[in-house]
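Participant: Here's a sequence, model it:
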Amino acid sequence: MSDAPPDDAWLDAELRRLLSFGRRVAHPLGGAAWLDEDGVPDLDRPVHTWITSRTVHVFGLGALLGVEGSAEVAAAALRGLTGVLHDEEDGGWFAAVGPDGAPVDPAKAGYAHAFVVLAGATAATAGLDGGEALLAEATEVFERRFWDDAAGRVLDEWDRAWTAPVPYRGLNSAMHSVEAMLAAGDATGDRTWPERAARLAGLATDLAATHDGRLPEHFGPDWTPDLELNRDRPDDPFKPFGATVGHGLEWSRLLLHVEASLGDAAPAGLLETSRLLFDRAVADGWSADGAPGFVYTTDWDGTPVVRQRFHWVVAEAIGAAAALHRRTGEQSYLDRYAEWWAYVDEHVRDTERGSWHHELDPHNRPAATVWPGKPDLYHAVQATLLPRLPLAPGLAAATAFPAAG
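Facilitator: You can find the predicted model right below:
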């Protein structure tokens with residue numbers, strides 16, 4: 001790849017290469033399997049609702065783009081959400097089931113349920129059988145169980161029977177709830193959903209303003225930040241200690257989608273916060289230890305904590321740079337965009353075994369301390385689509401109805 005950013009033909013070819021890697025993802029139980037380094041299902045691992053939902057989403061996008069075989073893969077994953085992962089007794093979705101189909105994590109997680117909403121929105125837009133019904137149920141469960149309308153926030157987790165929510169609140173589930181609510185609005189035409197997304201986005205704008213662009217991830221039930229949580233296990237894949245560089249970048253992009261979705265009704269200051277989050281994440285995270293790549297997390301003064309490089313972080317950097325360039329037209333964002341694609345091409349894309357290396361060590365060598373295998377196409381696929389589509393509507397709607405953008 002040259003120093004110039006990739007053109008649309010290259011991005012389309014990369015998307016198709018990624019989907020080809022995941023073509024065997026369907027699990028015999030229904031849902032999506034965890035894929036190893038070669039794209040072979042690891043059937044000894046649980047079937048996760050978040051991976052299954054992301055699989056419906058990315059292969060639903062593939063179906064909308066006319067990628068052969070994508071509709072069948074999306075449909076197989078969707079059957080997991082209507083079957084083995086669905087709690088027929090208490091409603092909602094288990095976080096994961098084991099190889100025998102029994103729940104191994106019966107918690108009702110907001111993070112997973114947000115992705116079920118996203119899957120339903122994409123499946124409905126792509127015309128997949130059962131997509132509209134999945135979206136209807138997922139939005140009903142999400143609104144009733146996870147959306148706290150009085151606070152404009154989301155709950156993070158319940159016990160299986162919905163007896164009581166756990167006291168923990170998390171920015172990760174809040175972030176993906178914004179994404180899910182925007183997608184639900186696109187698929188249903190109900191403006192209540194992007195309006196809720198804007199209210200929830202206010203959490204990120206407030207936190208960015210009070211923490212110098214670094215976003216606390218963990219909170220108590222009243223949304224008081226817990227800045228020390230998991231200091232003893234800082235590389236947790238979902239609840240790491242410190243500021244998560246990739247989430248600063250992801251929020252930077254999502255705020256621009258909220259702004260574009262609501263137009264004149266959008267809250268003020270979203271662009272300014274998007275810039276702040278982007279600048280802080282790049283200053284703290286990119287080549288922070290002298291080698292190219294983004295570190296995973298930093299302490300609250302910007303010192304790197306976990307220096308592993310994860311594929312999803314640079315994918316989100318690409319998406320954020322593309323979004324900011326589209327919003328502002330400024331060359332600096334395009335330069336970063338080209339720089340990070342060049343890094344992906346040199347270090348992250350696995351042209352021998354397929355997909356992207358999910359984890360690299362601080363010297364950019366393949367590693368598997370946090371993310372063994374290659375279970376997730378979501379971030380990489382979106383990195384190939386976001387630069388080619390408008391900020392609103394979202395990926396599925398913009399792909400299905402390109403004139404709307």
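
Participant: Residue 337: neighbour count?
Facilitator: By the criterion of other C-beta atoms under 10 Å, residue 337 has 22 neighbours. Where you see a C-beta, it was placed from the backbone N, CA and C, and this is true even at glycine.

Participant: Contact partners for it?
Facilitator: By C-beta atoms under 8 Å, 6 or more residues apart in numbering, the contact list for residue 337 reads 5, 318, 321-322, 325, 387.

Participant: Figure out the helix or strand that it lives in.
Facilitator: Of the helices and strands defined by DSSP states H and E, residue 337 is found in helix 331-343.

Participant: List the buried residues in that helix.
Facilitator: Of all the residues in helix 331-343, those buried under the rule 16 or more other C-beta atoms under 10 Å are 333-334, 336-343.

Participant: Show the contacting residues for the closest residue to residue 105 other than its chain neighbours.
Facilitator: Excluding the flanking residues, the one nearest residue 105 by C-beta to C-beta, 6 or more residues apart in numbering is residue 95, at 3.9 Å. By C-beta under 8 Å, 6+ apart, residue 95 lies in contact with 48-50, 103, 105-109, 112.

Participant: can you check residue 198 too?
Facilitator: Neighbouring residues of residue 198 by C-beta under 8 Å, 6+ apart: 258, 262, 266-267.

Participant: what about it, is that helix, strand or coil?
Facilitator: Three-state call for residue 198 (DSSP: H, G, I helix; E, B strand; the rest coil): helix.

Participant: Save the contacts of residue 95 as a markdown table, and put in pLDDT, secondary structure and distance to residue 307 too.
Facilitator: Conversion of these to a markdown table gives the following (pLDDT from 0 to 100; DSSP: H, G, I helix; E, B strand; the rest coil; distance: C-beta to C-beta, whole Å):
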| residue | pLDDT | secondary structure | distance to residue 307 |
| --- | --- | --- | --- |
| 48 | 97 | strand | 26 |
| 49 | 98 | helix | 30 |
| 50 | 98 | helix | 25 |
| 103 | 97 | strand | 35 |
| 105 | 89 | strand | 29 |
| 106 | 89 | coil | 35 |
| 107 | 90 | coil | 30 |
| 108 | 98 | strand | 34 |
| 109 | 98 | strand | 28 |
| 112 | 98 | helix | 29 |
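
Participant: quick one: which of those residues is most hemmed in?
Facilitator: residue 49 leads the contacts of residue 95 on contacts (other C-beta under 10 Å) with 29 neighbours.

Participant: wait, isn't that residue in contact with residue 117?
Facilitator: No: contact status for residue 49 versus residue 117: not in contact, 11.5 Å apart, counting by C-beta atoms under 8 Å.

Participant: If anything else comes up later, I'll come back, but that's it for now.
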